[in-house]
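*Asks:* no sequence for this one, just the structure:
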C-alpha cells in the first residue's frame, strides 16, 4: 500500500477486507474493494453478490455502474475523473480515489500532501521528469503510456479520445520546451547574445605569394684569341 498516508492504511485495515491489498492500482480497478468499503457504511444500498471479481473491461464497467448509484444517492464528493482514472489503471488515480473515500466517509482530513503528489493529472509526467533527458519518452510513446486501450473501448465519443490525446501532447510539448530552455546546447540552440566567431579558412599554397631571391652572377671575360691578321 505504498503511497497511502498512514491514517488511510489503518482505516483500510480496520475493515478487514476480503483480500489483502498488494497493488493499489490493480486491486481497485474493478471496484470490488470499493464496493466492500461502501457496504460498511451503506449496507442496504449495495449487494456484494452483485459485484463481479473479474478483470475484464465489461466487468469493471458493470461494477462501477452499481457503485456510481450509491455515490450519487448519498451525494459523495468523488471526482468522476478519479473514478475513470482508477478504472483504466491510471497512475495515481487509485490512491486519490481511496483518499477521497476516506475523507467523505469518515469526515476527516488527510494531512497536507506535497504539491507533486496532490495533482489529479493522472499521467507519467512526474516519472518522466526524474529520468535523464535521453531516456524520456517520445511523443508517440507518451501517448501510449498515458492513454489506455480500455479508454478507446469504453469511450463511444471518439472526439473525447482525440481531446485526451491533444492534452497529453500539450503536456509533453511543454516538458520539451522546458528542456530546451534548461539545456539549449543539447538541442543545438545558441544562447541569446552570444556570437560565434567565424574561423578564417587557411590559404591554399597555390595562391600564396612566392618571394623570389635573385643572385647576380658575374662572368669573367677571357683574353681575346690570337689571329693571323695581327
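*Replies:* That came in fine, so what should we check first? Since the model is a prediction, treat every value here as computed from it, not as a measurement. Numbers count the residues shown, from 1 in each chain.
*Asks:* spit out the contact partners of the closest residue to residue 87 other than its chain neighbours.
*Replies:* The shortest distance from residue 87 to any non-neighbouring residue, by C-beta to C-beta, 6 or more residues apart in numbering, is to residue 60 (5.3 Å). In this view, the C-beta of every residue, glycine as well, is placed from N, C-alpha and C. Residue 60 makes contacts with 29-31, 54, 87, 150, as judged by C-beta atoms under 8 Å, 6 or more residues apart in numbering.
*Asks:* can you tell me the element residue 60 falls in?
*Replies:* Using DSSP states H and E, residue 60 falls within helix 57-73.
*Asks:* buried stuff in the next helix or strand after that helix?
*Replies:* Per DSSP H and E, the first helix or strand lying C-terminal to helix 57-73 is helix 80-87. Residues of helix 80-87 classed as buried by neighbour count (16 or more other C-beta atoms under 10 Å): 82-87.
*Asks:* again with stretch 88-104
*Replies:* Quick answer for stretch 88-104 (16+ other C-beta under 10 Å): 88-104.
*Asks:* next: stretch 136-153.
*Replies:* In stretch 136-153, counting by 16+ other C-beta under 10 Å, buried: 136-137, 142, 145-148, 150-151.
*Asks:* low-confidence ranges in this structure?
*Replies:* When residues are selected by pLDDT under 70, those of the chain lie in 1, 112-128, 130, 149, 151-153, 156, 186-230.
*Asks:* select the longest helix from it.
*Replies:* helix 158-182 (DSSP state H).
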